[in-house]
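J.: Can you look at this prediction? I've put the sequence above it.
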Amino acid sequence: MPTEPSNPVALVYTRYTGGLNGGLIRHEQILNLVKRAGCEPVVNAGISPRFHRQILPSFLAAMGIVLGANFQNKKLLIRARQGKGFMAQLLVGRYYRAATEAIRQRRPRFLVVEDVIFGGQGAIFAGKKLGVPVIAMPHNVDALGGVADRMRSCVCLSAEMEALSLANKTFAISQSDGWLQQQFGIDSSVLSYYPAPERESYLRSIRAARENHSPSQRFLIPGNAHNPPTREGLMELLEAIASRTWPDGVGFDVIGTATESCRKPIFPSQIVIHGAVKSEQFMSLVAKCAACIAYQKKGTGSLTRVPEMLIAGVPVFGNKMALRDWIHTDGVYAFNNFDDLAKLLSGYCKTPQIPEPTIWQEEQFLSAIHRLCINGCKKS
């Protein structure tokens, strides 16, 4: 029998629990802050990894929302169907059923929902229905990533903003996401990414290891190719690199989930695609690289690799879209086109300072938890 946690419980619902990527390390940051608030985070309570076993109860839960919830929730569920298909309704029902049971069994102080249009709105519905405060912490504006059809994207965006409006408090990962949410009347603040203590210590150890390596002409290109905006930017960057002639010794190491699918016959041997790497290989590549390159044509959220590389002592070259909130940070160098990038690659950059921790933003988050747990759900 599992032992009951000694601290008050906070239920956390997320899809970012596997693989070393930006989603996972943001999730770890959130878990660390929940613990600092004096609560024990319980992740995805009531959700079985074998979804096929929950199809019928998920469907019944979704129908229960349609038949028994208020009009706003019904409308949101219909929008989910229009934007993402019937599977979206099943996911909403799955999260609603799981969170409802978990709330009744574990009596949590509050809920944290990281996924808002991937079923997570079901957990928000459950919290609202049972009077448990809900904090939404989307990693980006999901509706604006990976949906090619404009009308579907608009439907998904409307559903996402409506779901966020039901939460008691929202924390965005970037200034731009927070600004957009505020335009929809959402009580949104910013909690930038900064690694949890264990991850920060690991990155600082890489910084120390870099001092023992001689200057290199290899450049690191990290990214998660499952993410459509990241993949699009990665392919354009690699094709631009492949179209140029580079001096002997210059090389490019591409790492990240599914990046092996980005290989093309035209790519020269100077481009080495490693795919997903384990901790030891990641440390070796980061310790030896000259700089990190980040490039995106579009995207929301914030690239967690930027502060991670800076803490590890690695300069970051990127276009303005990729750099977003970090563009004025020490060690970050923006380029406007690939000619600018070529000049940066041939130059020398000093070791960047470690970026300041997001202490005041974290205090804002902890204060919001304290306020909600004392006053309970303020929204009807």
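T.: Looks like it arrived, so ask away.

J.: only C-alpha atoms for contact and neighbour calcs from this point on.
T.: Noted.

J.: so how far is the first residue of stretch 316-327 from its last?
T.: 10 Å (Cα to Cα, to the nearest Å).

J.: residues near Leu144, how many?
T.: Neighbourhood size, Leu144 [other Cα atoms under 10 Å]: 18.

J.: need the contact list for it.
T.: 153, 157, 299-300 (Cα atoms under 8 Å, 6 or more residues apart in numbering).

J.: Centre of the chain to stretch 24-33, how far?
T.: Offset of stretch 24-33 from its chain centre (Cα atoms, centre = their mean, to the nearest Å): 10 Å.

J.: List the buried residues in the longest helix seen in the chain.
T.: If each helix of the chain is counted by residues according to DSSP state H, the longest one is helix 86-106. Within helix 86-106, the residues that count as buried by 16 or more other Cα atoms under 10 Å are 88-100, 102-103, 106.

J.: Out of those, which one has the lowest pLDDT?
T.: The lowest pLDDT within those belongs to Ala88, with 68.

J.: So Cys292 belongs to a helix, correct?
T.: No - per DSSP: H, G, I helix; E, B strand; the rest coil, Cys292 lies outside any helix segment and is strand.

J.: Skip ahead from the strand or helix carrying Val254 and say which helix or strand is next.
T.: Secondary structure from DSSP states H and E places Val254 in strand 251-255. Using DSSP H and E, the helix or strand that follows strand 251-255 in sequence is strand 271-275.

J.: which of the buried residues of helix 86-106 lies closest to Arg26?
T.: Tyr95 (20.7 Å; Cα to Cα).

J.: just to revisit the earlier point, chain center to the longest helix of the chain: distance?
T.: On the basis of Cα atoms, centre = their mean, helix 86-106 sits 22 Å off its chain's mean C-alpha point.

J.: Could you pull up the mean pLDDT of the following helix or strand past that helix?
T.: Next helix or strand after helix 86-106 toward the C-terminus (DSSP H and E): strand 110-113. Mean pLDDT, computed over strand 110-113, is 97.

J.: Any chance you could list what contacts strand 110-113?
T.: Residues from elsewhere that reach strand 110-113 (Cα under 8 Å, 6+ apart): 9-14, 120-121, 123-124, 127, 132-138, 369, 372-373.

J.: orientation of the helix or strand that that strand is followed by relative to helix 86-106 in degrees?
T.: Downstream of strand 110-113, the first helix or strand assigned by DSSP H and E is helix 120-130. For helix 120-130 against helix 86-106, the angle by axes from the mean of the first three to the mean of the last three Cα atoms, to 10 degrees is 40 degrees.
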